[in-house]
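> sequence and predicted model, in that order:
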Amino acid sequence: KRVIILVAMVQLVNVLDFVMVMPLGQDFARALSIDEAHLGWIGGSYTLAAAVAGIVSAKFLDRFDRRPALAVAILGLVAATASAGFATGLPSMIAARVAAGAFGGPATSLALAIVADVVPGERRGKAMGVVMAAFAVASVIGVPAGLAAAQIGSWRTPFFALAALGLAIVVYAIIRLPSLR
(Lines give C-alpha, C1' and ligand atoms only; values in the text may rest on other atoms or scores of the structure.)
Protein backbone atom coordinates (compact mmCIF):
# COMPACT_ATOMS: atom_id res chain seq x y z
CA LYS A 1 0.00 0.00 0.00
CA ARG A 2 2.79 2.48 0.81
CA VAL A 3 4.37 1.79 -2.58
CA ILE A 4 1.10 2.73 -4.28
CA ILE A 5 0.89 5.94 -2.24
CA LEU A 6 4.49 6.76 -3.14
CA VAL A 7 3.87 6.14 -6.83
CA ALA A 8 0.71 8.25 -6.67
CA MET A 9 2.71 11.07 -5.03
CA VAL A 10 5.32 10.88 -7.80
CA GLN A 11 2.53 11.19 -10.35
CA LEU A 12 0.97 14.07 -8.39
CA VAL A 13 4.20 16.07 -8.28
CA ASN A 14 4.97 15.39 -11.91
CA VAL A 15 1.56 16.51 -13.14
CA LEU A 16 1.46 19.51 -10.78
CA ASP A 17 4.80 20.57 -12.23
CA PHE A 18 3.29 20.51 -15.68
CA VAL A 19 -0.12 22.12 -15.08
CA MET A 20 0.86 24.95 -12.75
CA VAL A 21 3.14 26.66 -15.27
CA MET A 22 0.74 28.01 -17.84
CA PRO A 23 -1.57 29.98 -15.51
CA LEU A 24 1.55 31.60 -14.05
CA GLY A 25 2.71 32.57 -17.53
CA GLN A 26 1.58 36.18 -17.49
CA ASP A 27 3.19 36.70 -14.08
CA PHE A 28 6.62 35.40 -14.99
CA ALA A 29 6.40 36.83 -18.51
CA ARG A 30 5.96 40.28 -17.02
CA ALA A 31 8.65 39.74 -14.34
CA LEU A 32 11.19 38.29 -16.79
CA SER A 33 10.35 40.49 -19.80
CA ILE A 34 9.20 37.50 -21.84
CA ASP A 35 6.94 38.19 -24.80
CA GLU A 36 3.63 36.45 -24.02
CA ALA A 37 3.64 35.05 -27.55
CA HIS A 38 6.49 32.78 -26.38
CA LEU A 39 4.65 31.26 -23.40
CA GLY A 40 3.57 28.27 -25.46
CA TRP A 41 7.23 27.35 -25.91
CA ILE A 42 7.59 27.09 -22.15
CA GLY A 43 4.71 24.64 -21.77
CA GLY A 44 5.53 22.76 -24.93
CA SER A 45 9.19 22.36 -24.06
CA TYR A 46 8.29 20.31 -20.98
CA THR A 47 5.93 18.06 -22.93
CA LEU A 48 8.35 17.47 -25.79
CA ALA A 49 11.25 16.75 -23.43
CA ALA A 50 9.10 14.32 -21.39
CA ALA A 51 8.05 12.46 -24.53
CA VAL A 52 11.58 12.22 -25.94
CA ALA A 53 13.08 11.24 -22.57
CA GLY A 54 10.37 8.63 -22.03
CA ILE A 55 11.10 7.03 -25.39
CA VAL A 56 14.89 7.18 -24.99
CA SER A 57 14.89 5.96 -21.38
CA ALA A 58 12.67 3.00 -22.29
CA LYS A 59 15.70 1.48 -23.98
CA PHE A 60 17.74 1.28 -20.77
CA LEU A 61 15.73 1.93 -17.58
CA ASP A 62 14.91 -1.76 -17.05
CA ARG A 63 18.62 -2.45 -16.50
CA PHE A 64 18.60 -0.55 -13.20
CA ASP A 65 17.13 -1.05 -9.76
CA ARG A 66 13.94 1.00 -9.82
CA ARG A 67 14.49 2.65 -6.42
CA PRO A 68 17.70 4.55 -7.30
CA ALA A 69 16.44 5.18 -10.84
CA LEU A 70 13.25 6.73 -9.46
CA ALA A 71 15.28 8.74 -6.93
CA VAL A 72 17.47 10.14 -9.73
CA ALA A 73 14.42 10.96 -11.88
CA ILE A 74 12.62 12.72 -9.04
CA LEU A 75 15.75 14.54 -7.89
CA GLY A 76 16.27 15.76 -11.45
CA LEU A 77 12.64 16.88 -11.61
CA VAL A 78 13.00 18.65 -8.23
CA ALA A 79 16.21 20.42 -9.27
CA ALA A 80 14.72 21.47 -12.60
CA THR A 81 11.52 22.70 -10.95
CA ALA A 82 13.53 24.75 -8.46
CA SER A 83 15.70 26.11 -11.27
CA ALA A 84 12.55 27.41 -12.99
CA GLY A 85 12.01 29.47 -9.84
CA PHE A 86 15.46 30.97 -10.41
CA ALA A 87 14.87 31.71 -14.11
CA THR A 88 16.03 35.10 -15.34
CA GLY A 89 14.53 35.11 -18.83
CA LEU A 90 13.10 33.00 -21.62
CA PRO A 91 16.23 30.88 -22.27
CA SER A 92 16.69 29.91 -18.61
CA MET A 93 12.98 29.21 -18.17
CA ILE A 94 12.89 26.99 -21.25
CA ALA A 95 16.06 25.21 -20.13
CA ALA A 96 14.50 24.55 -16.73
CA ARG A 97 11.29 23.25 -18.28
CA VAL A 98 13.17 21.01 -20.73
CA ALA A 99 15.14 19.56 -17.82
CA ALA A 100 11.93 19.06 -15.81
CA GLY A 101 10.35 17.19 -18.70
CA ALA A 102 13.49 15.16 -19.31
CA PHE A 103 13.32 13.84 -15.75
CA GLY A 104 9.54 13.88 -15.39
CA GLY A 105 8.89 11.57 -18.34
CA PRO A 106 11.07 8.75 -16.99
CA ALA A 107 9.74 9.34 -13.45
CA THR A 108 6.23 8.57 -14.68
CA SER A 109 7.41 5.48 -16.56
CA LEU A 110 9.28 4.22 -13.51
CA ALA A 111 6.31 4.86 -11.25
CA LEU A 112 4.04 2.78 -13.45
CA ALA A 113 6.67 0.04 -13.79
CA ILE A 114 6.93 -0.13 -10.00
CA VAL A 115 3.19 -0.73 -9.76
CA ALA A 116 3.49 -3.51 -12.33
CA ASP A 117 6.43 -5.02 -10.42
CA VAL A 118 5.05 -5.03 -6.88
CA VAL A 119 1.28 -5.33 -7.19
CA PRO A 120 -0.17 -8.78 -7.90
CA GLY A 121 -2.17 -8.98 -11.11
CA GLU A 122 -5.50 -9.32 -9.35
CA ARG A 123 -5.00 -5.94 -7.59
CA ARG A 124 -3.04 -4.12 -10.28
CA GLY A 125 -6.07 -2.44 -11.86
CA LYS A 126 -7.07 -0.92 -8.53
CA ALA A 127 -3.50 0.24 -7.92
CA MET A 128 -3.27 1.84 -11.36
CA GLY A 129 -6.61 3.52 -10.65
CA VAL A 130 -5.11 5.13 -7.53
CA VAL A 131 -2.08 6.31 -9.49
CA MET A 132 -4.21 7.74 -12.27
CA ALA A 133 -6.47 9.40 -9.70
CA ALA A 134 -3.38 11.32 -8.58
CA PHE A 135 -3.03 12.48 -12.19
CA ALA A 136 -6.62 13.72 -12.17
CA VAL A 137 -6.30 15.38 -8.76
CA ALA A 138 -3.14 17.19 -9.84
CA SER A 139 -4.85 18.32 -13.03
CA VAL A 140 -7.71 19.79 -11.02
CA ILE A 141 -5.75 21.37 -8.14
CA GLY A 142 -2.63 22.37 -10.04
CA VAL A 143 -3.95 25.60 -11.44
CA PRO A 144 -5.60 26.99 -8.30
CA ALA A 145 -2.78 25.73 -6.05
CA GLY A 146 -0.13 27.34 -8.25
CA LEU A 147 -2.04 30.61 -8.39
CA ALA A 148 -2.64 30.58 -4.61
CA ALA A 149 1.05 29.96 -3.91
CA ALA A 150 1.96 32.80 -6.28
CA GLN A 151 -0.41 35.13 -4.42
CA ILE A 152 1.23 34.21 -1.10
CA GLY A 153 4.70 34.91 -2.46
CA SER A 154 5.50 35.54 -6.10
CA TRP A 155 5.45 33.60 -9.34
CA ARG A 156 8.58 31.81 -8.05
CA THR A 157 6.85 30.41 -4.94
CA PRO A 158 4.96 27.55 -6.64
CA PHE A 159 8.19 26.25 -8.16
CA PHE A 160 10.00 26.25 -4.83
CA ALA A 161 7.03 24.77 -2.95
CA LEU A 162 6.65 21.95 -5.45
CA ALA A 163 10.39 21.28 -5.38
CA ALA A 164 10.21 20.98 -1.58
CA LEU A 165 7.31 18.53 -1.84
CA GLY A 166 9.22 16.53 -4.45
CA LEU A 167 12.29 16.43 -2.23
CA ALA A 168 10.21 15.01 0.62
CA ILE A 169 8.93 12.32 -1.74
CA VAL A 170 12.49 11.45 -2.79
CA VAL A 171 13.51 11.00 0.84
CA TYR A 172 10.45 8.85 1.49
CA ALA A 173 11.17 6.76 -1.62
CA ILE A 174 14.78 6.15 -0.65
CA ILE A 175 13.84 5.14 2.88
CA ARG A 176 10.64 3.16 2.29
CA LEU A 177 10.79 1.73 -1.22
CA PRO A 178 12.27 -1.75 -1.39
CA SER A 179 15.01 -2.60 -3.85
CA LEU A 180 13.34 -3.48 -7.15
CA ARG A 181 15.76 -5.08 -9.58
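Thanks, I have the structure now. As the structure is a prediction and not an experimental result, all values here were calculated from the model.

> the residue of the chain positioned farthest from its centre: helix or strand, and which one exactly?
What lies farthest from the middle of the chain is Glu122; by Cα atoms, centre = their mean that is 28.5 Å. Assessed by DSSP states H and E, Glu122 sits inside helix 121-152.

> may I see the buried residues of that helix?
Of the residues in helix 121-152, those buried by neighbour count under the rule 16 or more other Cβ atoms under 10 Å are 127-128, 130-131, 134, 138, 141-143, 145-147, 149-150. In this view, the C-beta of every residue, glycine as well, is placed from N, C-alpha and C.

> so how far is it from its chain's centroid?
11 Å (Cα atoms, centre = their mean, to the nearest Å).

> let me see the contact set for the residue farthest from the centre of the chain.
By Cβ atoms under 8 Å, 6 or more residues apart in numbering, no residues touch Glu122.

> state the pLDDT value of Pro178.
pLDDT for Pro178: 69.

> and the residue farthest from the centre of the chain, how far from Met132?
According to Cβ to Cβ, to the nearest Å, Glu122 stands 18 Å off from Met132.

> ok, now Ala53?
Taken as Cβ to Cβ, the span from Ala53 to Met132 is 20 Å.

> then Leu110?
Distance of Leu110 to Met132, given as Cβ to Cβ: 16 Å.
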